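> no sequence on this one, just coordinates:
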């Protein structure tokens, strides 16, 4: 099996996960279109849409069901509108220079999916009674059988439908580690014959994903570590070890989707403010400055909406106007875009040693004459920072506050809990 070479143009991009159901009172593609201008102005480059397909009715959860219980891979959920309205949404996003990723659920379908009625018995794993097996405790789903190569091509043909007829730009692949590596290798090979620059994001962290065509994967381990630090269960030295281990584990072009929230975390574990508390801002900033990071903003974060969205029912976000949180993410995105040190895949990561390394991270990202210096008290403690900057001393721009900032050769300063400064040159 030949290794798939991937084109990687996404190093400086910002991704937004759109929950169509909850974004607006209407919960439709048409109602979401006016929101695109704000996202574009914030610096969002790509949209990941949670599953847009019709939802199963058998064993449906809640009043509207789970997006991840799919009846038909080649149709849209009438709750969200028509296929024509979906196409208009994609066209409007493209006109603003934003790409569109669809959420792809290859592991299972709903229990009343078209494929259960139309495809051979052997397309699904079966229980002792001959019924389609239920994966894990997902009682509204039916497990596809990947020992059957016809299932592979069925999935690939459905993905090609969206690429060729509806002009999407890639896929976020749900629970990608549950399918055989060989399936993804075959799928991505066929998809790239049609769209060489297709973007593939895996909801998984396995190293083999990048040998089989994926451009990016999740950072679940990092996310849980950030929550643990915020809640006092571990210290910053664990984060430091993670960063070095991560860089050694994955190939240089491998992007890592970094996040403080997403649909799973928000609905089941709470908003970023519930989980991270006063650390929410510094952890969000960290997702923008780590090596190989692809930062994610989830629906509502652009306004600081402190709420757990209902997953299976209508629970729309209130109408918002841009606010301080919008500006915060806009400034982070602008920094990410304009500074090659943060989006070059060969950019360096150099630590400046300091006196409080169980709390304080002082590091430099540098590439092609661009530099970002990060001074981050990633702890709930007030500290007295003391470090020497050496060759990195000089005149900088404060990336978030604006204005000139002089970084002296020797720095001593008191820092409040979760205080941070990002400097650009």
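Received, thanks. Just so we're clear, the structure is a prediction, and the values are computed from it rather than from any experiment. Residues are numbered from 1 along each chain as shown.
> elements contacting the lengthiest helix in the chain?
Longest helix in the chain, counting residues (DSSP state H): helix 149-166. On a contact count with 3 or more C-beta pairs under 8 Å, 6 or more residues apart in numbering; DSSP states H and E, helix 149-166 meets helix 83-95, helix 181-194. The C-beta positions use only the backbone N, C-alpha and C, and glycine is treated the same way.
> so how far is the helix or strand just after the last one off the chain centroid?
Past helix 181-194, further along toward the C-terminus, the next helix or strand under DSSP states H and E is strand 199-202. Its chain's average C-alpha position is 10 Å from that of strand 199-202, according to C-alpha atoms, centre = their mean, to the nearest Å.
> go ahead and confirm residue 403 touches residue 421.
No - checked against C-beta atoms under 8 Å, the pair residue 403 and residue 421 is beyond contact range at 11.7 Å.
> Three-state assignment for residue 384, please.
Secondary structure, DSSP: H, G, I helix; E, B strand; the rest coil: residue 384 is strand.
> pull the number of nearby residues for it.
Residue 384 has 11 neighbouring residues, counting by other C-beta atoms under 10 Å.
> in the longest helix of the chain, what counts as buried?
The neighbour-count check on helix 149-166 (16 or more other C-beta atoms under 10 Å) flags 151, 152, 154, 155, 156, 158, 159, 160, 162, 163, 166 as buried.
> what's the answer for stretch 246-262, then?
Using 16+ other C-beta under 10 Å as the test for burial, stretch 246-262 gives 246, 250, 253, 254, 255, 256, 257, 258, 259, 260, 261, 262.
> show me what contacts the first one?
By C-beta atoms under 8 Å, 6 or more residues apart in numbering, the residues touching residue 246 are 219, 222, 256, 291.
> excluding covalently adjacent residues, which one is nearest to the second one?
Take residue 222 and drop its neighbours on the chain: the residue closest to it by C-beta to C-beta, 6 or more residues apart in numbering is residue 242, 6.1 Å away.
> which helix or strand lies directly C-terminal to the helix or strand hosting that neighbour?
Residue 242 is part of helix 236-249 when elements are defined by DSSP H and E. Per DSSP H and E, the first helix or strand lying C-terminal to helix 236-249 is strand 255-258.
> which strands and helices sit next to that following strand?
strand 216-218, helix 220-230, helix 280-289, strand 293-298.
> again, only this time at 6 Å
Packing contacts for strand 255-258, counted by 3 or more C-beta pairs under 6 Å, 6 or more residues apart in numbering; DSSP states H and E, involve strand 216-218, strand 293-298.
> and after the longest one, which helix or strand comes next?
Moving toward the C-terminus from strand 293-298, the first helix or strand encountered (DSSP H and E) is helix 324-338.
> count of neighbours near the residue nearest to residue 222?
Using other C-beta under 10 Å, residue 242 has 16 other residues around it.
> what about residue 208, neighbour count?
12.
> could you check how far the residue nearest to it when sequence neighbours are not counted is from residue 146?
Distance criterion C-beta to C-beta, 6+ apart; nearest residue to residue 208, sequence neighbours excluded, is residue 181 at 5.1 Å. Separation of residue 181 from residue 146 (C-beta to C-beta, to the nearest Å) stands at 11 Å.
> gap between stretch 92-105 and the chain center?
Worked out by C-alpha atoms, centre = their mean, stretch 92-105 lies 14 Å from the chain centre.
> what comes up buried for it?
For stretch 92-105, using 16+ other C-beta under 10 Å, the buried residues are 92, 93, 98, 99, 100, 101, 102, 103, 104, 105.
> how much space separates residue 247 from residue 364?
Relative to residue 364, and taking C-beta to C-beta, residue 247 is found at 15 Å.
> any idea what residue 348 is bridged to?
Going by DSSP bridges, residue 348 is paired in beta bridges with residue 366.
> that one touches residue 368, doesn't it?
No - between residue 348 and residue 368 there is no contact under C-beta atoms under 6 Å: 10.7 Å.
> that older thread, pLDDT added to the contacts of residue 246, as CSV?
Formatted as CSV, these follow (pLDDT from 0 to 100):
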residue, pLDDT
219, 98
222, 98
256, 96
291, 94
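> follow-up on the earlier one: closest to residue 205 out of the helices and strands packed on strand 255-258?
For residue 205, the closest of the helices and strands packed on strand 255-258 is strand 216-218, at 5.4 Å, according to C-beta to C-beta.
> report pLDDT for the closest residue to residue 71 other than its chain neighbours.
Excluding its sequence neighbours, the residue lying closest to residue 71 (C-beta to C-beta, 6+ apart) is residue 54, at 4.3 Å. The model reports residue 54 with a pLDDT of 98.
> use 312 as the first number from now on
Sure thing, new numbering starts at 312, so read that last one as residue 365.
> list the contacts of residue 365.
For residue 365, the contacting residues are 382, 383, 386, 388, by C-beta atoms under 6 Å, 6 or more residues apart in numbering.
> out of the residues you listed, which end up buried?
Neighbour counting with 16+ other C-beta under 10 Å marks 382, 383, 388 as buried within the contacts of residue 365.
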